[in-house]
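Colleague: okay, here's the prediction I keep looking at, along with the sequence it came from:
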Amino acid sequence: MEAADAVLAKLQEMLLGFQADLGGLSGDIRSLQEQSKNLGIQLRNRKDAELGLRCFLSKIVIPPNLADVICHGDVDGTFVDCVKDLNAKYEYVQQMEAEKKKEKKKAALEGEENGDEED
């Protein structure tokens, strides 16, 4: 009887240790799931940023062949198309600068309004 009690006590001890190990693994799994979720969000944010940057750059960068046609090419249909492309890029940059100025003015006005409220 005492031998059986000793075996059962030993078995209970092993099971409690196993339970504690499972609890630790559960915490580790939760931590890994959270890290995976955060990495997924970071990846999605980077892809969105890459797409936005690629779109922005395509609108402002002047490819070497466009510059070459304008600087050294014959004045023909290709030349006119290149000038139109260059003009579109220039207009986009001008539009971006105008929007930036509007935002700065708006921020300055809001800052003045907030400053007036504090007095």
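Modeller: Thanks, I have the structure now.

Colleague: so how far is Gly77 from Val69?
Modeller: 11 Å (C-beta to C-beta, to the nearest Å). No exception for glycine: its C-beta is placed from N, CA and C like everyone else's.

Colleague: please apply the same query to Ile62.
Modeller: Counting by C-beta to C-beta, the gap from Ile62 to Gly77 is 19 Å.

Colleague: so if I had to pick from the two, which one is more boxed in?
Modeller: Ile62 (13 against 8; other C-beta atoms under 10 Å).

Colleague: was I right about that one contacting Leu86?
Modeller: Yes. Judged on C-beta atoms under 8 Å, Ile62 makes contact with Leu86 at a distance of 6.6 Å.

Colleague: what packs against the helix or strand where Lys106 lies?
Modeller: Per DSSP states H and E, Lys106 falls inside helix 77-118. Judged by 3 or more C-beta pairs under 8 Å, 6 or more residues apart in numbering; DSSP states H and E, helix 77-118 is in contact with helix 2-60, helix 64-72.

Colleague: residues contacting the residue nearest the centre of the chain?
Modeller: Taking C-alpha atoms, centre = their mean, the centroid of the chain lies closest to Asn45, which sits 2.6 Å from it. Residues in contact with Asn45 (C-beta atoms under 8 Å, 6 or more residues apart in numbering): none are found.
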